[in-house]
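Student: From the sequence below, what's the structure:
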Amino acid sequence: MDVERVYKLHEVLIGRRVPVSKVQILVKMECSESTFKRTMEFMKNNLRAPIEYLREENGYLYTDVGYELPGFWLSTDELLALVSLEKLLSGLNIGLLNEHLSPFKNRIDKLLKDQQINQVNLQRIRLLPINARINNSEHFQMVATAILKRLKIKIIYHSRGSNQTSERIVSPQRLAHYKDNWYLDVWCHLKNNLRTFAVDKILKVSLLGEPCKEISEAQLDNHFKEGYGIFSGEAKHVATLRFTPERARWIADEMWHPEQQSEWMSDGTYQLHIPYSDERELIMDIMRHLPHVQVVEPFTLRKLLNQYLQSAIQSHSNSE
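Tutor: Next up, the predicted model:
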């Protein structure tokens, strides 16, 4: 039996208190009368569906309005959405998470087989992580547990920027997956402020069993969303970037910041205004688009970009 037909007939009848005519059912199911009858008989005989034909009203109805299909029933569209989700979760670079997903994947595989979808064709759905870093599965599990149970943790953390290792007691607030890597937003009790840590650089983590300090959603949003990219904090600057007409065809469809503003110029260039608190990630993104982008303002950002470019030119010139 075609699972899709069963699902469609169920969708037509579920929750209906007024009988549905055969004509309406055939339109909704997009099938012939014989297919409808086979589907209905299958549901009545195998799924104990309480489908009844009411002659006086010339229509079909569930006599039990609360009837649900037994087991795990999905339409093809919903199943393919689940396949995409499973692929996404499997690609998040968390070994322990993949172990927990294994039974779920096995169930999806069986459903695919039931709906006569060749699993080989699923390889045509691809997720390509870029620069994803390796995470310690045990550390990730403990961090996620602390997030959900709202517990403080003690971490030993190695900062790539300073190349220093420090011990912190933190109250986890959010776990974020950003540009194929995991980051932990916390209230740091050492600095008495909100901070973000790369999960892959947490060298050791311990659950403390103490309730964490709660920060309101509004305060978290104000702190972590104003800055540009992964760098949080109040956005004190606005960068104005001007892109060539050729590159603008891509940039105009991109979201660089939730509060960005943009405008098309009379010469076909595209101008983007981006709030930021820390220029480091913004500079890297700007450099990806050189020479098709110009920093219009602020002067400090343009000056910093020029310094980076001069340094790059000098280092490549010295290698000749």
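Student: any idea how far residue 231 lies from residue 5?
Tutor: 53 Å (Cβ to Cβ, to the nearest Å). The way it works is simple: take the backbone N, C-alpha and C, and place the C-beta from them, glycine included.
Student: Parallel or antiparallel, list what pairs with the host helix or strand of residue 156.
Tutor: According to DSSP states H and E, residue 156 maps onto strand 151-159. Its sheet considered, strand 151-159 pairs with strand 164-178 (antiparallel), strand 202-211 (antiparallel) by DSSP bridges.
Student: which one of those lies closest to residue 49?
Tutor: Nearest to residue 49, of all the strands paired with strand 151-159, is strand 164-178, at 41.2 Å by Cβ to Cβ.
Student: Residues contacting that closest one, please?
Tutor: If you take Cβ atoms under 8 Å, 6 or more residues apart in numbering as the criterion, strand 164-178 is touched by 92, 143-144, 146-147, 151-159, 182-190, 194-195, 197, 199, 203, 208, 212-215, 220, 224, 229-230.
Student: Which of the residues you listed fall within strands?
Tutor: Counting by DSSP state E, the contacts of strand 164-178 place 151-159, 182-188, 194-195, 197, 203, 208 in strands.
Student: so which of the strands paired with strand 151-159 is the most packed in?
Tutor: For the strands paired with strand 151-159, the largest average neighbour count (mean count of other Cβ atoms under 10 Å) is found in strand 164-178, namely a mean of 16.
Student: How about the secondary structure of residue 307?
Tutor: Under the three-state scheme (DSSP: H, G, I helix; E, B strand; the rest coil), residue 307 adopts helix.
Student: what about it, how many residues close to it?
Tutor: 11 (other Cβ atoms under 10 Å).
Student: Equivalent analysis for residue 199, please.
Tutor: 23.
Student: which phi and psi does residue 264 have?
Tutor: phi -90, psi 130 (degrees, to the nearest 10).
Student: what separates it from residue 252, distance-wise?
Tutor: Distance of residue 264 to residue 252, given as Cβ to Cβ: 8 Å.
Student: Could you measure from the nearest residue to residue 130 once chain neighbours are set aside over to residue 23?
Tutor: Spatially, and ignoring its direct neighbours in sequence, residue 130 is nearest to residue 180 (5.7 Å; Cβ to Cβ, 6 or more residues apart in numbering). Residue 180 sits 51 Å away from residue 23, going by Cβ to Cβ.
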